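Student: Give me coordinates for this.
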Amino acid sequence: MPNSGRVKRLRVALGTLVAVEATSTSDAAAAAAVEAAFAAVTQVDRRMHPTSADSDLAKINNAPVGMPVCVHGSTCDLLALARRLNTLTHGVFDPCLPTRAGRLQDVEVCGNEVVSQAPVEIDFGGFAKGYAVDCAIEALMAHGCSAGLANAGGDLRVFGSYVEPIFLRRAAGVATQIRLCNAALAVSDVTWQGRPAEHRGYYVRAERAQLVGAGAVPVRDFAAVRADKTVIADAIAKCVLLCPRETTARVLRAFDAAEIGDR
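Tutor: Modelled structure (predicted):
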């Protein structure tokens with residue numbers, strides 16, 4: 001029977017502490033898989049950072065109106081996800097910041113090209129971290145790991161034999177515990193002071209006064225969503241914060257996800 005190895009490493013990435021853990025045939029194999037996972041996270045951060053000059057988002061935001069911009073396929077995929085959520089939430093979910101006139105409806109995607117028909121400032125702070133966690137997990141799987149975990153500041157996904165205990169707060173500060181297995185979980189708390197400063201998106205607009213100015217008042221301060229993928233859980237958690245309950249229910253059904261924790 002082959003030896004098995006389990007490796008866990010912590011690093012700062014995406015403006016938060018990221019933990020990656022893997023089980024493979026040996027410590028060396030697990031360590032190589034973990035390194036590949038962190039490399040995947042770094043690539044996501046490089047492509048989707050809101051202010052880095054060479055990121056896909058900066059290229060889109062800085063392009064003249066009507067000029068096509070060639071971007072990575074994953075950026076187009078997240079724009080497609082955002083558009084679907086935008087439709088389901090009647091425009092509430094929108095990664096275009098109110099600092100410019102353009103909204104998501106002004107952004108067109110054709111193949112790997114993006115064209116903005118109005119000035120936009122896109123920020124994927126609402127779900128890029130969840131996507132990075134998914135990329136880390138995919139890297140572990142691609143390296144043949146039998147089990148693994150990736151956690152980036154409240155966005156978590158596990159697969160294989162891992163069963164991760166999670167404590168979530170409920171009303172009046174009482175905590176409840178869930179056990180996460182072969183699933184993803186995203187937690188969003190608008191009162192948390194440790195959110196990445198460089199990602200504005202819904203994290204900045206989660207402040208009540210700013211939300212009122214942006215046309216969306218938060219329904220609650222805390223949301224936890226379980227889904228098959230972390231990017232889905234992360235994005236829907238923002239919908240839970242911002243949307244009426246009937247809208248939230250429609251979004252959860254569309255993605256076969258579940259809200260847990262505070263009710």
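
Student: which residues does D45 contact?
Tutor: Counting by Cβ atoms under 8 Å, 6 or more residues apart in numbering, D45 touches 13-14, 132. Glycine gets a C-beta too; all of them are placed from N, C-alpha and C.

Student: In the one helix or strand it maps to, which residues are buried?
Tutor: With elements taken from DSSP states H and E, the one containing D45 is helix 27-48. Within helix 27-48, the residues that count as buried by 16 or more other Cβ atoms under 10 Å are 29-30, 32-38, 40-42, 44-45, 47-48.

Student: How far off centre is it?
Tutor: 17 Å (Cα atoms, centre = their mean, to the nearest Å).

Student: got it, and stretch 43-58?
Tutor: 15 Å.

Student: next one: stretch 86-104
Tutor: 17 Å.

Student: Can I get it as CSV, trimmed to CA atoms?
Tutor: Presented in CSV, the C-alpha positions along stretch 86-104 are these (Å, rounded to 0.1, in the frame of the first residue of the first chain):
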residue,chain,number,x,y,z
ASN,A,86,-27.7,40.6,-12.2
THR,A,87,-30.8,39.2,-14.1
LEU,A,88,-32.0,37.1,-11.2
THR,A,89,-31.7,40.0,-8.7
HIS,A,90,-33.2,42.6,-11.1
GLY,A,91,-30.0,44.5,-11.2
VAL,A,92,-29.0,44.5,-7.6
PHE,A,93,-25.9,42.3,-8.1
ASP,A,94,-23.6,44.4,-10.2
PRO,A,95,-19.8,44.4,-10.1
CYS,A,96,-19.6,47.8,-11.7
LEU,A,97,-19.0,50.4,-9.0
PRO,A,98,-21.1,53.5,-8.8
THR,A,99,-18.0,55.7,-9.3
ARG,A,100,-18.7,55.6,-13.0
ALA,A,101,-21.9,55.8,-15.0
GLY,A,102,-21.6,52.4,-16.7
ARG,A,103,-23.4,49.3,-15.3
LEU,A,104,-23.1,45.6,-16.1
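
Student: what pLDDT, on average, does that stretch get?
Tutor: For stretch 86-104, mean pLDDT is 90.

Student: Now do it: everything it contacts.
Tutor: Outside stretch 86-104, the residues touching it (Cβ under 8 Å, 6+ apart) are 79, 82-83, 85, 105-107, 116-127, 200-201, 204-205, 213-214, 216, 235, 238-239, 242-243, 247, 250-251, 254.

Student: taking the residues you listed one by one, which sit in strands?
Tutor: Mapping the contacts of stretch 86-104 onto strands (DSSP state E) picks out 107, 116.

Student: Any chance you could give me stretch 241-261 in PDB, C-alpha atoms only?
Tutor: This file holds the C-alpha atoms of stretch 241-261, laid out as PDB (Å, rounded to 0.1, in the frame of the first residue of the first chain):
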ATOM      1  CA  LEU A 241     -27.000  40.700   2.100                       C
ATOM      2  CA  LEU A 242     -28.600  43.000  -0.500                       C
ATOM      3  CA  CYS A 243     -31.800  41.400  -1.700                       C
ATOM      4  CA  PRO A 244     -35.200  40.800  -0.300                       C
ATOM      5  CA  ARG A 245     -35.800  37.200   0.800                       C
ATOM      6  CA  GLU A 246     -38.000  36.300  -2.100                       C
ATOM      7  CA  THR A 247     -35.200  37.300  -4.500                       C
ATOM      8  CA  THR A 248     -32.600  35.400  -2.400                       C
ATOM      9  CA  ALA A 249     -34.800  32.300  -2.500                       C
ATOM     10  CA  ARG A 250     -35.000  32.500  -6.400                       C
ATOM     11  CA  VAL A 251     -31.200  32.800  -6.700                       C
ATOM     12  CA  LEU A 252     -30.600  29.900  -4.300                       C
ATOM     13  CA  ARG A 253     -32.900  27.700  -6.300                       C
ATOM     14  CA  ALA A 254     -31.300  28.600  -9.600                       C
ATOM     15  CA  PHE A 255     -27.900  27.400  -8.300                       C
ATOM     16  CA  ASP A 256     -29.000  24.600  -6.100                       C
ATOM     17  CA  ALA A 257     -27.400  26.400  -3.100                       C
ATOM     18  CA  ALA A 258     -28.500  26.800   0.500                       C
ATOM     19  CA  GLU A 259     -28.400  29.700   3.000                       C
ATOM     20  CA  ILE A 260     -27.300  28.600   6.500                       C
ATOM     21  CA  GLY A 261     -26.700  30.400   9.700                       C
END
